[in-house]
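**Student:** Got a sequence here, can you model it:
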Amino acid sequence: MGEIFLLIVWIICVAEYGEPVLWWTGGIILLIVICCAFGKGKGCTSASGERPRPRIEHPHYMTEDEYECGICGHRFDKPYASCPHCGVLFNCKETDEEEWDEEFDEECAWDEEEGW
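**Tutor:** Numbering: from 1, shown residues only. Sure, this is the predicted structure:
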């Protein structure tokens, strides 16, 4: 519904003000296209085609979170920008919540045993 309202407002502005509205509209569309083409995404793919080098976050339910190098598999306790073991620079992030789920299930099992 909001899109239709904005389209009606745009048509009224074009009818009333003419060419400047069309220039502004074209400039905004061009800016959006440029941002989409050259902006950084959140995934592990790169526009240049380089290989993804993820830092994998392992959140925990009972203990401190850990991080893992997606290349060498080394684990560390802080979210470094590069692996302290092999030195690779990370270019994306991933999350593996398997350990969090296991710890949560274990905590629930303990609570059930104690009658909580």
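
**Student:** Tell me the helices and strands packed up against the longest helix seen in the chain.
**Tutor:** For the chain, the helix with the greatest residue count under DSSP state H is helix 19-38. In terms of contacts (3 or more CB pairs under 8 Å, 6 or more residues apart in numbering; DSSP states H and E), helix 19-38 is packed against helix 2-17. For every residue, glycine as well, the C-beta is placed using N, CA and C.

**Student:** What average pLDDT does the helix it packs on get?
**Tutor:** Taken as a whole, helix 2-17 has a mean pLDDT of 84.

**Student:** what about W24, distance to Y61?
**Tutor:** According to CB to CB, to the nearest Å, W24 and Y61 sit 51 Å apart.

**Student:** Which of these two has more residues huddled nearby?
**Tutor:** Using other CB atoms under 10 Å, the more surrounded residue of W24 and Y61 is Y61, with 15 against 12.
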